[in-house]
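1. A predicted structure for the sequence below; I have some questions about it.
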Amino acid sequence: ADLDARADHFCSALMDLDFAPQTKVAIMARNIPAYPVVHFGTARSGCVLVHASTRYTADELAYVLDKSEARALIVDTKFLEIAITALKRTPGIQNIIVIDDGHGRQDLPDGAVDFDSFIAGASNRFVDLALSEDDPFAITFTGGTTGFPKGALVSHKARLISSRVGAAEQNILQEDVAAITTPLFHTAGLYVWYQPAVLMGATCVLIPEWNPATFLAAIRQHRINAAFLVPTQIIMLLNAEAFDEDVFRQINKIAYGGAPMPPSLLDELLEGFPTLELANNYGQTEACPLVMMRADQHPDRVATLGRAPHGIEVAVLDQDGKPVPPGQIGEIASRGDHSMIEYYNDPEQTEAYFKGQDRAWGWTGDLGVMDEDGYISLVDRAKDMFISVGENIYPKEIE
């Protein structure tokens, strides 16, 4: 109830700024309570929330703020120095709102306001805006592996679909206590895990910074039983000096993704913790979860990514946009309401993503093989493939 009320107040405070509908508002923060307030409050206001990575340098942050045409920045004090440097090159930012990290910092930049004061000063004129499910509500940036990051603009409807799919496929229940360990600025942390947990009424424990010892302490304190972890986090946890197997066994659900799961690590989890539910996620910033699988229920399929969940259309296509026969290599693509609207302010990259005659399919850039039952195996990145003497060569195969 408190989160709901604070989101309303934040929405009201944004409306007091008299931003036009779909004005871009950026946030750069850890997994702290203010983040969900901003997330839900901005969604209610008609503005569009731009998620900035906490790993950005000042140059990268300036690029993202400029590219997204952001007019306000909400920043965690931990990243205030980076933000101050970036703001020297982003004159479009009209409002700076600083989230106190608990240290009572007073030296705010000129024109900046404290987050709590910003909410407290709201007129509370929140009204139920006539928002459409097709209206844009957020921009999440890609990792930038092929150059500067691209901002995927998504609708309310697209990420509601992601939440429903995530809740169903990962078996998130109201009685679960879910650890939010992956960053909320990332698609996996926010849309694949946190939002589904909120949708189901589960308890969410925000983990501001990843550390195995801190995570184990949080399990003890909050009786956490579910978590989304990238494979690297699982490896760090199992190898940590502070690792306590009895504490870890309180976790009965782990969703994983963000990077390929090493087969040896998956075998270790399946054999060592036979009651553990393991949900694999394959997706991307542009479309959220595309292929999912409960590895514990399908141990004979763990070499695959899984298959498309109910309501998500995925295909493996040739260069002409036609589905390839089972067992043949093609590019993984998806279409439907779960997909992004566009790369914001980037028509050329948008055209490259929605290529093909009907412009409906979003091409992931990943090469894969689909079997007769719809299970997809990842081969390589399409851009990494090269041709030698007429043969397609895949670096992943060589490795």
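-> Thanks, I have it.

2. all contacts plus neighbour counts: C-alpha atoms, from now on.
-> OK.

3. what separates S155 from S339, distance-wise?
-> 9 Å (CA to CA, to the nearest Å).

4. more neighbours, those two?
-> Taking neighbours as other CA atoms under 10 Å, S155 and S339 compare with S339 leading, 28 against 21.

5. am I right that the more buried one is in a helix?
-> No: assigned with DSSP: H, G, I helix; E, B strand; the rest coil, S339 falls outside any helix and is coil.

6. that one touches L153, doesn't it?
-> No: using CA atoms under 8 Å, S339 makes no contact with L153, being 9.4 Å away.

7. find the residues that touch each one of those two.
-> E286 (CA atoms under 8 Å, 6 or more residues apart in numbering).

8. which non-adjacent residue is nearest D116?
-> I99 (7.6 Å; CA to CA, 6 or more residues apart in numbering).

9. the residue nearest to the spatial centre of the chain and T85, how far apart?
-> The residue lying closest to the centre of the chain (CA atoms, centre = their mean) is T187, at 0.9 Å. According to CA to CA, T187 stands 26 Å off from T85.

10. shaky segments in the stretch 51-200 of the chain?
-> Residue ranges of the stretch 51-200 of the chain with pLDDT under 70: 101-106, 126, 144-147.

11. all helices for it, in order.
-> Ranges of helices within the stretch 51-200 of the chain are 58-68, 80-87, 115-120, 156-169, 187, 195-199, based on DSSP state H, counting those that start in this stretch.

12. what is the second one packed up against?
-> Spelled out, that is helix 80-87. Applying 3 or more CA pairs under 8 Å, 6 or more residues apart in numbering; DSSP states H and E, one finds that helix 80-87 contacts helix 58-68.

13. quick one: contacts of the helix it packs on?
-> So helix 58-68 is in contact with 24, 26, 50, 52, 82-83, 85-87, 89-90, 92, 139, 149, 151, 344-345, going by CA under 8 Å, 6+ apart.

14. where are the low-confidence patches of the stretch 251-399 of the chain?
-> 381-399.

15. returning to what we had before: so who does the residue nearest to D116 touch?
-> I99 makes contact with 34, 74-77, 114-116 under the criterion CA under 8 Å, 6+ apart.

16. who does it form a beta bridge with?
-> I99 forms beta bridges with D76, as assigned by DSSP bridges.

17. tell me, how many residues neighbour R44?
-> 24.

18. what sits against it?
-> Here R44 is in contact with 8, 11, 128-129 (CA under 8 Å, 6+ apart).

19. mind doing that once more with 7 Å?
-> By CA atoms under 7 Å, 6 or more residues apart in numbering, the residues touching R44 are C11.

20. pull the helix or strand harbouring it out as CSV, backbone CA atoms only.
-> According to DSSP states H and E, R44 maps onto helix 34-45. What follows is helix 34-45, C-alpha atoms only, in CSV (Å, rounded to 0.1, in the frame of the first residue of the first chain):
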residue,chain,number,x,y,z
ALA,A,34,12.9,4.4,-4.9
TYR,A,35,13.3,2.5,-8.1
PRO,A,36,9.9,0.8,-8.1
VAL,A,37,8.3,4.1,-7.0
VAL,A,38,9.8,5.8,-10.1
HIS,A,39,8.9,2.8,-12.3
PHE,A,40,5.3,2.6,-11.4
GLY,A,41,4.8,6.4,-10.9
THR,A,42,6.2,7.3,-14.3
ALA,A,43,4.1,4.7,-16.0
ARG,A,44,1.0,6.3,-14.5
SER,A,45,2.0,9.8,-15.5
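
21. how about the helices in the stretch 201-350 of the chain?
-> 212-222, 231-239, 245-248, 263-272, 347-353.

22. quick one on the thing from earlier: in strands only, show me the contacts of helix 58-68.
-> The members of the contacts of helix 58-68 that map onto strands under DSSP state E are 24, 26, 50, 139, 151.

23. top of those by neighbour count?
-> V50 (30 neighbours).

24. so what pairs up with that one in the strands?
-> With DSSP bridges as the rule, V50 is bridged to A26, I139.
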